[in-house]
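> Next one to model:
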Amino acid sequence: MLGFIIQRILQASVVMAVMSVIVFVGVYAIGNPVEIIIPPDATQEIRAEVIRRLGLDLPLWEQYFIFVANLVQGDFGRSFIYNVPVLELIAGRLPATLELVLISIVSATVLGVGLGIYAGYRPDSWISKTIMAVSVLGFSVPSFWVGLILILTFAVNLGWLPAGSRGQVVTVLGVEWSFLTLDGLSHILLPALNLAFFKLAMMIRLARAGTREIMLTDTIKFARAAGISEGRILRRHVLKLISIPIVTVFGLELGSTLAFAVVTETIFSWPGVGKLIIDSITVLDRPVMVAYLILIALLFVLINLTVDVVYALIDPRIRTRGA
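Numbering: from 1, shown residues only. Model (predicted):
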């Protein structure tokens, strides 16, 4: 098991090294932040001083190696616009994104797996057909359209829920959370529902397909012949056997939702990391852009590493093949 983990860590290190080069060069090619940071009427002396202070007068390769050297020390640089450390800036926005993503992903997974197992167990019932119709709708409708419809229906027409912002927050262990207050919870419901809709549809279809396949296997036939109840078969056999693809999708969707909750955060004016990166791209705040993409790449690498380890714990054959 230890050799399996070491092998995956080495692979992850190579991926991060390659991603750091791609991200740095890609962000460098987007545009010149000097044109936005420095006023048009600034003198050449002021322009030269700002360029020198930001390190933009150095060759690209030298900027990259300075970046890597600082990165090893945990320094992602300072924001061009906010003039604060980038990690401090991102950390201040992270709790808002984290609570939104966790609520949406966990609820979509729990509800989606349950509905998917039922749809696979009773495929011909009208409830199962309704569940599958909802899953088709979740795959077909773009998230920005769902968000606008949710705002129009529940915020504008009915007036039941607020249309944007984070609402009242409470500080726990030095971090602000909104889902712990009634006002904050009312603010998070619509964006969480919008973010969870596509994930719910995916989990339903994944759980249904796995359940339909497993229900036809000899394992289930023997369990029924042994007199095991249907509920126990679903809990101990079906759910366990479909757990590997569900763990995979949960891990990947958790990472992708954290990384790409941009649309939902923009529509609902949610003050998270996604909205921060959109604002940073608009003003070409290069340190924030680079740090965000590096952290997202690291997030995906860590999630994949965790999923591999969970795989190995669930199925010992995987770590034997990977050794």
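
> What does the closest residue in space to Val172 that isn't next to it in sequence show for phi and psi?
Nearest non-adjacent residue to Val172, counting by Cβ to Cβ, 6 or more residues apart in numbering: Leu180, 6.9 Å away. Quick note: C-beta positions are derived from backbone N, CA and C, even for glycine. Here is the backbone geometry of Leu180 (degrees, to the nearest 10): phi -90, psi 0.

> in the longest helix along the chain, what's buried?
The single longest helix within the chain, with elements called by DSSP state H, is helix 86-121. Across helix 86-121, burial judged by 16 or more other Cβ atoms under 10 Å covers 86-87, 89-90, 93-101, 103-105, 107-109, 112-113, 115-121.

> can you pull the buried residues of the host helix or strand of Met16?
For Met16, the host element (DSSP states H and E) is helix 2-28. For helix 2-28, burial by neighbour count (16+ other Cβ under 10 Å) applies to 4, 8, 12, 15, 19-20, 23-24, 27-28.

> Return the member of these nearest to Leu239.
Phe4 (25.4 Å; Cβ to Cβ).

> In the buried residues of helix 2-28, find the pair that's most separated.
Farthest apart among the buried residues of helix 2-28 - using Cβ to Cβ - are Phe4 and Tyr28, which lie 37.1 Å from each other.

> The stretch 201-323 of the chain: helices as residue ranges?
218-225, 230-233, 239-241, 243-259, 262-267, 273-282, 286-314, 316-322 (DSSP state H, counting those that start in this stretch).

> Which residue ranges make up the domains of this protein?
For the chain, the structural domains run 2-72, 90-282, going by automatic domain parsing.

> looking at these, which one has the lowest mean pLDDT?
When these are compared by mean pLDDT, domain 2-72 comes last with a mean of 75.

> Run the chain-centre distance for that domain.
24 Å (Cα atoms, centre = their mean, to the nearest Å).

> Repeat that for stretch 153-162.
Worked out by Cα atoms, centre = their mean, stretch 153-162 lies 27 Å from the chain centre.

> Then stretch 186-193?
For stretch 186-193, the distance to the chain centre is 16 Å (Cα atoms, centre = their mean).

> what sits up against that stretch?
Contact with stretch 186-193 is made by 99-100, 103-104, 107, 147, 150-151, 154-155, 161-167, 178-179, 264-265, 267-268, 270, as judged by Cβ atoms under 8 Å, 6 or more residues apart in numbering.

> Need the CA coordinates for that stretch. CSV is fine.
This file holds the C-alpha atoms of stretch 186-193, laid out as CSV (Å, rounded to 0.1, in the frame of the first residue of the first chain):
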residue,chain,number,x,y,z
SER,A,186,-32.2,31.7,2.8
HIS,A,187,-29.6,33.4,0.6
ILE,A,188,-27.7,30.1,-0.1
LEU,A,189,-30.8,28.1,-1.2
LEU,A,190,-31.2,29.3,-4.7
PRO,A,191,-27.5,29.3,-5.7
ALA,A,192,-27.0,25.9,-4.1
LEU,A,193,-30.1,24.5,-6.0
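
> Can you give me the buried ones in that stretch?
So stretch 186-193, judged by 16+ other Cβ under 10 Å, has buried residues 187-193.
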